[in-house]
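Enquirer: The following block contains a protein sequence and its predicted model.
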Amino acid sequence: AEQAADDEYCAFLFLQNQATHSAQSLAKHAKEACQKLQTHAQSCSTSAFVLNFYFLKLQAAFLESEWEAVVQISNQATQLLNRKSISSPAKISAFFLSKALGWANLGHLDQALEALNTAIADEVEGSPNWYRLQEMKLTWLLHQDKYTAALELTKNLNLKNKYPEWPQEQKRLYNSVLLSLTDSGELPISNRVKGMLMANCLPFHSLYLPEMSSSNLDIQAAL
């Protein structure tokens, strides 16, 4: 069962890397693979099988933008994996990230942030993936007009000196976003903090950034 699940997932990844396949054909392939593996799912629940089987389910749901299914599949997978004595935190984190994306696409950013926080907690602090997830959290905080929380997270990321540095381009962009909010009066801060933002966002202080509000997601394109 484990070998069959691994073969099916590897076959899907191979097809995914071929430019000739559409999202519709890839989703069809993933669903057919899951149907083949369904008989094994009744008798096999090892971590290796669950990971490949549920990753295939997720691929089909993502490709067809079935966001409620994404949340449901992610919940099922994490419940199964959490029962195991040995499960990779990074793999469990991937399912929590999928759940966060599902909630976000359904418009439930509070639930999305909760799932995203769990995914972040499972990552190695200071790792490249940890920073990427933190950047996603920053974006979502900005979408929700939670500017003070976004500022505190940005300050924390700027000061993680004992870990690999936050990528400079991303640091500058997010610091510039927050600085633009202070210039527009949306985020009142001290001159000391404003100076920190200016130092970290150079040379992008003059970068045009669209107006931000909970109903305007143009900031995503800018980031």
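Expert: Ah, there it is.
Enquirer: Centre of the chain to the edge, which residue is at the far end?
Expert: For the chain, the largest distance from the centre (Cα atoms, centre = their mean) belongs to residue 191, which lies 32.9 Å off.
Enquirer: Excluding chain neighbours, what is closest to residue 62?
Expert: residue 70 (6.3 Å; Cβ to Cβ, 6 or more residues apart in numbering). Backbone N, C-alpha and C define where each C-beta goes, glycine included.
Enquirer: I should have written residue 116 there, sorry.
Expert: In space, residue 116 is closest to residue 100, 4.1 Å off (Cβ to Cβ, 6+ apart).
Enquirer: Tell me how many other residues crowd that neighbour.
Expert: 29 (other Cβ atoms under 10 Å).
Enquirer: Also residue 171?
Expert: Neighbour tally, residue 171, other Cβ under 10 Å: 19.
Enquirer: I'd like the distance between it and residue 177.
Expert: 11 Å (Cβ to Cβ, to the nearest Å).
Enquirer: what's the answer for residue 41, then?
Expert: Applying Cβ to Cβ to residue 41 and residue 177 gives a distance of 45 Å.
Enquirer: Counting neighbours, go ahead and name the busier of those two.
Expert: residue 177 (25 against 15).
Enquirer: quick one: contacts for the closest residue to residue 2 other than its chain neighbours?
Expert: For residue 2, ignoring the flanking residues on the chain, the nearest one in space by Cβ to Cβ, 6+ apart is residue 48 at 4.6 Å. The neighbours of residue 48, taking Cβ atoms under 8 Å, 6 or more residues apart in numbering as the test, are 2, 5, 6.
Enquirer: Among the residues you listed, name the buried ones.
Expert: 2, 5 (16 or more other Cβ atoms under 10 Å).
Enquirer: can you tell me the average pLDDT over the helix ranked longest in the chain?
Expert: Longest helix in the chain by number of residues (criterion: DSSP state H): helix 23-41. Mean pLDDT, helix 23-41: 92.
Enquirer: what bits of this structure have low per-residue confidence?
Expert: Scanning the chain with the threshold set as pLDDT under 70 gives 85-87, 161-164, 202-223.
Enquirer: Please identify which helix or strand holds residue 170.
Expert: If you go by DSSP states H and E, residue 170 is part of helix 168-183.
Enquirer: Output that helix as CSV, nothing but the C-alphas.
Expert: In CSV, the C-alpha atoms belonging to helix 168-183 read as follows (Å, rounded to 0.1, in the frame of the first residue of the first chain):
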residue,chain,number,x,y,z
GLN,A,168,16.4,41.8,2.2
GLU,A,169,14.0,42.4,-0.7
GLN,A,170,11.1,41.1,1.4
LYS,A,171,12.2,43.1,4.4
ARG,A,172,12.3,46.3,2.4
LEU,A,173,8.9,45.7,0.9
TYR,A,174,7.1,45.0,4.1
ASN,A,175,8.9,47.8,6.0
SER,A,176,7.9,50.2,3.1
VAL,A,177,4.2,49.0,3.4
LEU,A,178,4.1,49.8,7.1
LEU,A,179,5.9,53.2,6.5
SER,A,180,3.3,54.1,3.9
LEU,A,181,0.6,53.4,6.5
THR,A,182,2.3,55.7,9.0
ASP,A,183,2.5,58.5,6.3
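Enquirer: elements contacting it?
Expert: helix 128-143, helix 147-158, helix 191-201, helix 218-222 (3 or more Cβ pairs under 8 Å, 6 or more residues apart in numbering; DSSP states H and E).
Enquirer: Which stretch among the ones you listed is buried most, on average?
Expert: helix 128-143 (a mean of 20; mean count of other Cβ atoms under 10 Å).
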